[in-house]
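Asks: based on what follows, work out the 3D shape:
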Amino acid sequence: MKKLPLILLMLSSMTLVACSGDKINAHSEKTAYRSVKMIKNHLHEEMRVEYEMSFWMIRDEKKDNAEFLAAVDGKKADEIIAMGKEIYTQRKAAGVAEYQQYKTWEEMMAKYDRDRISQGKPKTDIKEKISDPKSGNRDVVYSM
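Replies: Prediction:
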C-alpha cells in the first residue's frame, strides 16, 4: 500500500515528460528555442540539419514574434520539416537566387550537411596549398 503513491507519482511524471518532449513549447521565444534544441538533440543524425534549417527558415519567413510563436507552437519535428519544405518550394518558385542553385530540397540539405560536417574537422585535416612560391615551407610540426 505504501508503494502505490510512489508508483502513481512515477507514472504521472513519465507521462508528462513523454507528452512534452517531442513538441515545441512556444509560449515564449526563450522556451521555443530551448524546446527546439532539446528536440534536435534527440533526433537521428540525418534529421538534425533538416530540422534546424527548417526551423530557421520558418523564423526568417515570420518576422513578427507572435506570428512565429503561433506557427511553431505544439509542432513536432516532422511538421517543422514539412513547413520548411513548403517555404523552400515557395521561395524557389518565386525565383529567390539562393534557392535556384539547388534542384531539390534533398540536394540543399545534403550541401548544408556537408558544410556542417566540414566545420567540425580539425585544422590538420584541412589541407591548404600555399600558391606563393616566395613563402617557402610554412608547415609547422608540433611534437607532443
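Asks: show me the contacts for residue 39.
Replies: Going by CB atoms under 8 Å, 6 or more residues apart in numbering, residue 39 touches 21-24, 51, 77. The C-beta positions use only the backbone N, C-alpha and C, and glycine is treated the same way.
Asks: what's the answer for residue 108, then?
Replies: 88, 99, 102.
Asks: in contact with the second one, which residues?
Replies: If I follow you right, that is residue 99. Contacts of residue 99 (CB under 8 Å, 6+ apart): 88, 91-92, 108.
Asks: isn't there a helix covering it?
Replies: Yes: under DSSP: H, G, I helix; E, B strand; the rest coil, residue 99 falls within a helix.
Asks: so what's the predicted local confidence for it?
Replies: On pLDDT, residue 99 comes in at 90.
Asks: show me where pLDDT drops low in the chain?
Replies: Along the chain, segments meeting pLDDT under 70 span 1, 4-21, 120-144.
Asks: tally of neighbours for the closest residue in space to residue 83 that isn't next to it in sequence?
Replies: Distance criterion CB to CB, 6 or more residues apart in numbering; nearest residue to residue 83, sequence neighbours excluded, is residue 58 at 5.5 Å. The number of residues packed near residue 58 is 18, by other CB atoms under 10 Å.
Asks: many thanks, I have nothing further to ask.
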